[in-house]
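Student: Okay, sequence plus prediction incoming.
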Amino acid sequence: GTQWGLASFYFRENYGFDDRYLITLTGRADGSSRFGDNNRFGFFPSGSIAWRVSEEEFFNTGTVSDLKLRASYGVTGNQDGISNFASRGLFGVGNYRAGATLIPSQLSNTNLSWESTSQLNVGLDLGLFDNRLTLTTDYFIKNTEDLLLDRIIPGISGFSTVIDNIGAIENRGLELALNGVILTGDLNWSSSFNISFIRNEIKRLAVNDQVLGDSHILSEG
């Protein structure tokens, strides 16, 4: 059996004024035994604001029953995808003619740290005809940094890879959702439609001048 530990500290603050202005602030600090001694803790903040325009005095229309503009930004951490002792130098048992002996089986990385994802989101919520027809739109940009991946190292070290924080990925897209209540009463009928446009781009998968093998060099590009 194996064991690992996670220590977390969390706070959240909500503020609303007259159901028109809404603010949420969140902060979370996590420490995991899976990472190196130098970078076990990560701090992941987030915040969001919203303005319900339909609650303003100057907004007076019978067609639009709800209109809210919102924006948010946050950072989350990831520790999945690695073993409990990914940052540690490990030994295993090797069989030789002289008998069983301990040999290195994994290189250590005391700087191994959290994979982090930051996301910016801008959205709109629209309700028409007493919210019988609603539209929700979201545009987002998501960037993942310090991916937890195996970095290839020269074979002369005795190993082919070591787990490290390398690489970056960007996702951006637009999501639309339309919901309608067509009939109410003895017969209820509602329909919904949604569509997404997402673009994924690998920004980086290696560090500068990463050694791929004894005779290959990959430069960041």
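Tutor: Nice, thanks for sending it over.

Student: residue closest to the middle of this structure?
Tutor: Closest residue to the average C-alpha location of the chain: Thr117 at 3.7 Å, with CA atoms, centre = their mean.

Student: Okay, and the beta partners of the nearest residue to it once chain neighbours are set aside?
Tutor: Across the structure, with CB to CB, 6 or more residues apart in numbering as the measure, the residue nearest Thr117 apart from its sequence neighbours is Thr144 (4.5 Å). The C-beta positions use only the backbone N, C-alpha and C, and glycine is treated the same way. Note on Thr144: beta-bridge partners Thr117, Ile169, judged by DSSP bridges.

Student: for Asp30, same thing?
Tutor: The bridge-partner assignment for Asp30, based on DSSP bridges, gives Ser8, Gly42.

Student: who are the neighbours in contact with it?
Tutor: Listed by CB atoms under 8 Å, 6 or more residues apart in numbering, the contact partners of Asp30 are 6-9, 41-42, 44, 77, 79, 114.

Student: Can you tell me which of these is nearest Gly185?
Tutor: Phe44 (47.8 Å; CB to CB).

Student: Other residues contacting the helix or strand hosting the closest one?
Tutor: Element membership for Phe44, per DSSP states H and E: strand 41-52. Strand 41-52 is touched from outside by 19-31, 66-77, 113-114, 116, with contacts defined as CB under 8 Å, 6+ apart.

Student: Can you say which of those residues are buried?
Tutor: 20, 22, 24, 26, 28, 30-31, 67-68, 70, 72, 74-77, 113-114, 116 (16 or more other CB atoms under 10 Å).

Student: on that earlier part again, and the helix or strand just after the strand holding Phe44, what does it pack against?
Tutor: Elements were assigned by DSSP H and E; along the chain past strand 41-52, the next helix or strand is strand 64-78. Judged by 3 or more CB pairs under 8 Å, 6 or more residues apart in numbering; DSSP states H and E, the packing partners of strand 64-78 are strand 21-32, strand 41-52, strand 115-128.

Student: so how far is strand 64-78 off the chain centroid?
Tutor: Between the centre of strand 64-78 and the centre of its chain there are 15 Å (CA atoms, centre = their mean, to the nearest Å).

Student: Could you do stretch 157-168 as well?
Tutor: The chain centroid and the centroid of stretch 157-168 are separated by 22 Å, computed with CA atoms, centre = their mean.

Student: can you list the residues that contact that stretch?
Tutor: Residues beyond stretch 157-168 that count as contacts (CB under 8 Å, 6+ apart) turn out to be 82, 86-87, 104, 106-107, 109, 111-113, 115, 143-153, 202-207, 210.

Student: Got a ChimeraX select line for the buried ones in those?
Tutor: Restricted to buried positions by 16+ other CB under 10 Å, the ChimeraX selection for these reads:
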select :82,86,87,106,107,109,112,113,115,143,144,145,146,147,148,149,151,152,153,206,210
